[in-house]
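Visitor: Here you go, sequence then predicted model.
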Amino acid sequence: MGSHYGVKIRKRENDVLKQQRQSYVCPTCQKKNVARTGYAHWKCGSCGTELAGGAYALSSSVGISARKTLQSLKPKK
């Protein structure tokens, strides 16, 4: 295998950990202070809002598509 065995997996893990540890913008107060407190559990340090989101990022692709579907089903005024 050589000296580069496992490089791709280590790079993927590093990308996920960077994504997990970064701060995100709070949808309530618009400050970049949302941090992960547990699996799919996020909390804003400024306003204290607790959010459910993706496991490693505040929003996942499945959550985004579900939100779009729900918005399209709302009755229009």
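Guide: That came through, no problem.

Visitor: mind listing what the longest strand along the chain pairs with, with the direction of each?
Guide: In the chain, taking DSSP state E as the definition, the longest strand is strand 32-38. The pairing partners recorded for strand 32-38 under DSSP bridges are strand 24-25 (antiparallel), strand 41-44 (antiparallel).

Visitor: out of the ones you listed, which comes closest to residue 35?
Guide: Each of the strands paired with strand 32-38 has some distance to residue 35 by C-beta to C-beta; the shortest is strand 41-44, at 6.5 Å. Quick note: C-beta positions are derived from backbone N, CA and C, even for glycine.

Visitor: so where do the helices sit in the chain?
Guide: 7-21, 61-73 (DSSP state H).

Visitor: Save the ones you listed as CSV, and put in mean neighbour count, mean pLDDT and distance to residue 54 too.
Guide: Shown next, in CSV, are the helices of the chain (neighbours: other C-beta atoms under 10 Å; pLDDT from 0 to 100; distance: least, C-beta to C-beta, whole Å):
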stretch, mean neighbour count, mean pLDDT, distance to residue 54
helix 7-21, 11, 89, 9
helix 61-73, 10, 88, 6
